[in-house]
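Q: Got a sequence here, can you model it:
(2 chains)
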Amino acid sequence: MRPSASQSWPLVAPDWIQNGPEWLNDFGYDVYKSFIFDDRYQMYLKGLGNTLLLTFLALLIGVALGIVISLIRVSWDKNHTEMHGPIKPVLGFLNALARVYLTVIRGTPAVVQLMIMYFIVFASSRNKVMVAALSFGINSGAYVAEIIRGGIMSIDEGQMEAGRSLGFGYVSTMRYIILPQAFKAVLPTLANEFIVLLKETAVAGYVGLTDVTYAGNIIGGNCYDYLFPLLMSALIYLVLVMFFTFLVGKLERRLRSSER
Amino acid sequence: MSAEYIIQAKELRKSFGGGEIKALDGVTADIRKGEVVVVIGPSGSGKSTFLRCLNLLEVPTGGQVLFEGVDITDKKADINLHRRKMGMVFQHFNLFPHMTILKNMTLAPVKLLQKPQADAEAQAKALLERVGLADRANAYPSQLSGGQKQRIAIVRALCMDPEVMLFDEPTSALDPEMVGEVLEVMKELAKEGMTMVVVTHEMGFAREVADRVIFMADGKIVEEGRPEEIFSAPQQPRTREFLAKVL
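A: So this is what the prediction gives:
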């Protein structure tokens, strides 16, 4: 039988810790069993990798979905009275679909959506990261859509008119003139959504996916002491969020400087 | 006959709010090539709506607009193609704030007319030179004064080599000391033979530059004629009343 953490600690601990004050020995032992024994740090690394991958994929899906949904909503709301031809029923249908999507996704908890996706919709798939990324992406898309829609609506009507008067179509005007401005306007809010998303992936453990939270939880259970493992999980999130906040701040300053 | 007309507006009607408010009530006007037409009238007279109907920024609820003989109000007409040849200048400039002046001016020619970027930039710089803003090519709109912005808006429209220029109260949002510089550019343009339709409150400009003045009130054309006729000997009481207030 393999030795337990408490059995192996006296064998591996440096003398200056073992012979030091009691609190130092206790602290050393806590660190040892939470991170070093049995290569437990590997689990945090795995969790970190999964959390980042999950967040990144969900962000991509969420932003792509959000742009599409917001464009459907805005195009319909602003133009449907003047529309003609087959585009009207098509866009009307898409708009209704978008509204149902927004209502359902924003009206139910992300963790329930995740479990429905994993245990029911993709019950046959064992690729936890992909299913979770899809689920969080679909969830985030609803919020991103409303953020971008707000951004588009905040752009002065005259910008659309100026684009159209030069000969650009509705779609090209959106692409070259409205969306770049709208994105800039909502960047801080989008960044916030990204940070919310990063922390929301903490429920991925509900489907057995080893993310940062799940890693801390498992190790805490293994060593019958949750303090250090959970503090480590919290610290990882904190560092990630601070890092991304810093990056977004830089990006914002960069964008702003181009106008003044 | 119609070949010499660039724009023909026939019985234009526009109502808002389910027909309750009639902004345009049967407006018929022909714009000849090379002509400078100034539209005046009290606010709410429908003059801006009339102008915006000419390039269909406002879709008329009735009547037709013919551009170079083609009915552009027809649902089958590709309005985007026609708008390339109709430059428009707005009261609030509507420059694109996220682009440099040069990019503002070259975006449409490059994307829509497939002009090489270098050619478009050369043309833009030449136009900037003409309006005395060559040194601002790489500035952003927020760095410019109102008068400068409006001059840029005019040359941005000119970059598409339009057949006609539509001006929607181009000096109304400007500080008084900046009105002159914008009107100067418009006068130059008129002198070069550009076809222009100008909605304005600048009676001096109308008197000096217009070939024809249209006076509108309550969504109708009340009177039109040469500027000296309209300003010196208006025939309609409504016109006399208006001019007495503004002159």
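Q: Distance of A:Gly169 relative to A:Tyr41?
A: 56 Å (CB to CB, to the nearest Å). The C-beta positions use only the backbone N, C-alpha and C, and glycine is treated the same way.
Q: cool, A:Asp225 as well?
A: 16 Å.
Q: can you give me the strands in the stretch 101-250 of chain A?
A: Counting by DSSP state E, counting those that start in this stretch, the stretch 101-250 of chain A has no strands at all.
Q: how about the residues of it near chain B?
A: Applying CB under 8 Å from any CB of the partner chain, we find that the stretch 101-250 of chain A lies next to chain B at A:156, A:158-159, A:161-162, A:164-169, A:172, A:176-177, A:180-181, A:184.
Q: Next step: these restricted to helices.
A: A:158-159, A:161-162, A:164-166, A:172, A:180-181, A:184 (DSSP state H).
Q: Now list the buried members of those.
A: Buried positions within those, assessed by neighbour count (16 or more other CB atoms under 10 Å in any protein chain shown), are A:159, A:161-162, A:164-166, A:172, A:180-181, A:184.
Q: and the two most separated of those residues?
A: Pairwise distances across these peak at 22.6 Å for A:Ser165 and A:Lys184 (criterion: CB to CB).
Q: Just list the residues touching the closest residue to A:Ser165 other than its chain neighbours, thanks.
A: The shortest distance from A:Ser165 to any non-neighbouring residue, by CB to CB, 6 or more residues apart in numbering or on different chains, is to B:Met88 (3.9 Å). Going by CB atoms under 8 Å, 6 or more residues apart in numbering or on different chains, B:Met88 touches A:161-162, A:165, B:55, B:57, B:157, B:165-168.
Q: Quick one: name whatever helix or strand follows the host helix or strand of B:Met88.
A: Here B:Met88 sits within strand B:86-89, counting by DSSP states H and E. Downstream of strand B:86-89, the next assigned helix or strand under DSSP H and E is helix B:101-112.
Q: which other helices and strands contact the helix or strand just after that following helix?
A: Next helix or strand after helix B:101-112 toward the C-terminus (DSSP H and E): helix B:117-130. Using 3 or more CB pairs under 8 Å, 6 or more residues apart in numbering or on different chains; DSSP states H and E, the elements in contact with helix B:117-130 are helix B:101-112, helix B:146-158.
Q: where exactly do the strands run in chain B?
A: Ranges of strands within chain B are B:5-16, B:21-32, B:36-40, B:62-67, B:70-71, B:86-89, B:164-168, B:195-199, B:212-217, B:220-225, based on DSSP state E.
Q: Pipe the ones you listed into CSV and attach mean pLDDT per row.
A: Converted to CSV, the strands of chain B look like this (pLDDT from 0 to 100):
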stretch, mean pLDDT
strand B:5-16, 94
strand B:21-32, 94
strand B:36-40, 97
strand B:62-67, 95
strand B:70-71, 94
strand B:86-89, 98
strand B:164-168, 98
strand B:195-199, 97
strand B:212-217, 96
strand B:220-225, 96
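Q: Make JSON lines from the ones you listed and add distance to B:Ile152 to it.
A: As requested, the strands of chain B are exported to JSON lines (distance: least, CB to CB, whole Å):
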{"stretch": "strand B:5-16", "distance to B:Ile152": "25"}
{"stretch": "strand B:21-32", "distance to B:Ile152": "25"}
{"stretch": "strand B:36-40", "distance to B:Ile152": "21"}
{"stretch": "strand B:62-67", "distance to B:Ile152": "25"}
{"stretch": "strand B:70-71", "distance to B:Ile152": "30"}
{"stretch": "strand B:86-89", "distance to B:Ile152": "10"}
{"stretch": "strand B:164-168", "distance to B:Ile152": "14"}
{"stretch": "strand B:195-199", "distance to B:Ile152": "18"}
{"stretch": "strand B:212-217", "distance to B:Ile152": "28"}
{"stretch": "strand B:220-225", "distance to B:Ile152": "32"}
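Q: Quick one, which of those strands gets closest to A:Val68.
A: strand B:86-89 (30.6 Å).
Q: Indicate each strand paired with that closest one and its parallel or antiparallel sense.
A: Paired neighbours of strand B:86-89 in the sheet (DSSP bridges): strand B:164-168 (parallel).
Q: As CSV, could you dump the C-alpha coordinates of the partner strand?
A: Output in CSV follows, covering the C-alpha atoms of strand B:164-168 (Å, rounded to 0.1, in the frame of the first residue of the first chain):
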residue,chain,number,x,y,z
VAL,B,164,-25.6,65.8,-58.2
MET,B,165,-25.0,67.0,-54.6
LEU,B,166,-27.8,67.3,-52.1
PHE,B,167,-27.3,69.6,-49.1
ASP,B,168,-29.5,69.3,-46.1
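Q: Tell me what angle it forms with strand B:195-199.
A: Interaxial angle, strand B:164-168 versus strand B:195-199 (axes from the mean of the first three to the mean of the last three CA atoms, to 10 degrees): 10 degrees.
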